[in-house]
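A.B. asks: task: produce atomic coordinates for the following.
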Amino acid sequence: QVQLRESGPGLVKSSQTLSLVCAVSGTSLTMAPYHWNWLRQSPGKGVEWIAYKTWRNNTHYNPSLKSRAAISWDTARNHFTLQLTSVTPEDTAMYYCASGQGQVTDHGQGSWGQGIQVTVSS
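C.D. replies: Okay, here's the model as predicted:
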């Protein structure tokens with residue numbers, strides 16, 4: 001069973017870069033046909049998909065975040081990361097990593113980490 005766990009800072013200042021890590025256990029990042037996703041959910045809002053990287057190392061981004069987001073991985077450590085540049089208080093949210101056989105868009109799909117609360121201070 002795939003397990004995921006997010007880590008990173010809980011508080012980031014405006015204009016800085018947010019960096020989050022998702023540690024994966026139970027399978028390898030390069031195992032087909034996994035897609036490794038980052039998502040977030042702000043208070044009172046639905047889940048917003050940010051990006052994914054496939055087992056073949058292909059990446060795909062939400063067009064609204066593409067200019068600021070970057071997803072990468074370290075296959076030796078079996079973890080993948082999210083960097084989000086130039087953050088603002090609008091980026092305050094619970095951030096999740098999730099695995100699936102494609103794009104993951106809601107909690108009913110794939111396997112999810114427990115999430116990490118990130119607050120961006122102005």
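A.B. asks: so for this structure, the centremost residue is which one?
C.D. replies: residue 38 (2.3 Å; CA atoms, centre = their mean).
A.B. asks: could you list the low-confidence segments of this protein?
C.D. replies: Of all residues in the chain, none has pLDDT under 70.
A.B. asks: which residues touch residue 83?
C.D. replies: By CB atoms under 8 Å, 6 or more residues apart in numbering, residue 83 lies in contact with 17-20, 69-72. Using the backbone N, CA and C atoms, a C-beta is placed for each residue, glycine as well.
A.B. asks: swap in residue 22?
C.D. replies: Counting by CB under 8 Å, 6+ apart, residue 22 has contacts 4-7, 36, 38, 79-82, 97, 113.
A.B. asks: ranking the residues you listed by neighbours, who comes first?
C.D. replies: residue 97 (31 neighbours; other CB atoms under 10 Å).
A.B. asks: mind listing which of the contacts of residue 22 are in strands?
C.D. replies: Under the assignment DSSP state E, those contribute 4-7, 36, 38, 79-82, 97 to strands.
A.B. asks: redo those residues as CSV? Include distance to residue 59.
C.D. replies: Below are those laid out as CSV (distance: CB to CB, whole Å):
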residue, distance to residue 59
4, 18
5, 21
6, 19
7, 21
36, 10
38, 11
79, 16
80, 10
81, 12
82, 11
97, 14
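A.B. asks: helices of this structure, start to end?
C.D. replies: Using DSSP state H, no helices are found in the chain.
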